[in-house]
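[1] Build me a model:
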Amino acid sequence: MKLKTAWIAIATTMLLTSLGGNAARADAGDCNGVRDIGPGTAISLGAVKSNERRVHFLKSASAQQSCPSNSPKCREKDFVSPGDQIIVSVVEREFLCADHINPRGLRRTGWLPRNAVVLLPDRTPPRSDGWIGRWTSGPEQTISIARTPRAGEIRIRGEASFGAREPSRQDREGLVSTGELEGRVRPTSGFAAFTMGTNTTLPYDQGEEVDCRVRMRRLGSFLLVEDNRRCGGINVSFSGIYRRSGRRP
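    Numbers count the residues shown, from 1 in each chain. Purely as a prediction, here's the structure:
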C-alpha cells in the first residue's frame, strides 16, 4: 500500500473505498487505464479469480453508450484468464478499469467485472533491491536498474524509440526517433522521481521546463513509469507498465 484473512478483507475494503474516488477522474463510463502514478493516486494490484474461466474485457461508454455492462453486446474479444495479474486504477459501480500486460509485453486496457477480480495486498519490496533488473515495456522501451556504491541508491538507464521496429520507417531518415534516460536516486516507499539535469540528477521539481522528468512506482511485479515527454525525439516516451526481463548484480 495478524490474522491474515481478516487483514486482507480490511485492506480490500480500504482499497475499494479509495479507488472509488478515482472514478470522478475518468470520463463517465470510459476506462483509460493508469494515467497518474504519483504517491497520492490510488492504484492497486489485482488478480482474476481462480474459479473463473475466460473473463472478457467490456466496452467503454464512448464505444457504446450502454457500456460497460454485463450485456453480451458490451463484450470484447480480448480476455484475461484465471490467475492473471492486473493493475486497477478505477472502480465504477460493479466494474474495474484494469491494465493487463500479456507475456509479450503488450498492454490491454479495459473494464472487467468487479466480481471476477480479487484485489491483492501490495507486497512490493520496500528496499532498493526490489528495483534491480532489466525492465521492458513493449518492443521499444527498456530500462536497466542497478545498485550504486551508495547505500540505498540505484542507477537508472533507459532507451526508448518510436518507429524503430517498423521497416517502413527504418529506411527513411527522420522517421525513427530515439531517447535516453539516466539518473541516480534513492527510492522511498516504492516511489522514485528525478529530473535529468546537465551531467547530474536533479530533484523532480527542479531543472528547466524542457528537461526530462520521470516518476516511477513499483507495484507487485510491475514497474510503472511516467515521463513528461521531454526524454527523447518526437513521439518518444518512457511512460508505460514494465515487466522485469532479467536481473543485474
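[2] From Gly105, how far out is the residue lying closest to Cys231 once chain neighbours are set aside?
    Nearest residue to Cys231 in three dimensions, chain neighbours excluded: Cys212, at 3.8 Å (CB to CB, 6 or more residues apart in numbering). Where C-beta positions appear, they are placed from N, C-alpha and C, glycine not excepted. Distance, Cys212 to Gly105, by CB to CB, to the nearest Å: 23 Å.
[3] coming back round to it: I'd assumed Arg230 was in contact with the residue nearest to Cys231.
    Yes. Cys212 is within contact range of Arg230, at 4.9 Å (criterion: CB atoms under 8 Å).
[4] who has more neighbours, these two?
    It is Cys212, of Cys212 and Arg230, that has more neighbours when counted by other CB atoms under 10 Å, with 22 against 18.
[5] burial measure for Ile101, as a count.
    Ile101 has 21 neighbours, counted by other CB under 10 Å.
[6] and it, what is it in contact with?
    107-108, 222, 241, 243 (CB atoms under 8 Å, 6 or more residues apart in numbering).
[7] Could you tell me which of those belong to strands?
    107-108, 222, 241, 243 (DSSP state E).
[8] Tell me the one among those nearest to Pro139.
    Here the nearest of the ones in strands among the contacts of Ile101 to Pro139, counting by CB to CB, is Arg107; it sits at 11.9 Å.
[9] tell me the contacts of that closest one?
    Arg107 touches 33, 99-101, 137-138, 240-241, counting by CB under 8 Å, 6+ apart.
[10] What pLDDT is listed against Cys187?
    Small correction: residue 187 is Pro, not Cys. Here, the pLDDT recorded for Pro187 equals 94.
[11] Verify the stated contact: it with Ile154.
    Yes. Checked against CB under 8 Å, the pair Pro187 and Ile154 is within contact range at 6.6 Å.
[12] can you give me the helices in the protein?
    Taking DSSP state H as the test, the helices found in the chain are 4-20, 167-170.
[13] The ones you listed: lowest mean pLDDT?
    helix 4-20 (a mean of 39).
[14] coming back round to it: would you show me how to pick out the buried ones of the ones in strands among the contacts of Ile101 in ChimeraX?
    Per 16 or more other CB atoms under 10 Å, the buried members of the ones in strands among the contacts of Ile101 correspond to this ChimeraX selection:
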select :108,222,241
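[15] ok, so of the ones in strands among the contacts of Ile101, who is nearest Cys74?
    For these, the nearest to Cys74 is Arg108 (15.9 Å; CB to CB).
[16] Now for the residue nearest to that closest one when sequence neighbours are not counted: which residues touch it?
    Nearest residue to Arg108 in three dimensions, chain neighbours excluded: His100, at 4.9 Å (CB to CB, 6+ apart). By CB under 8 Å, 6+ apart, His100 lies in contact with 80, 84-87, 107-109.
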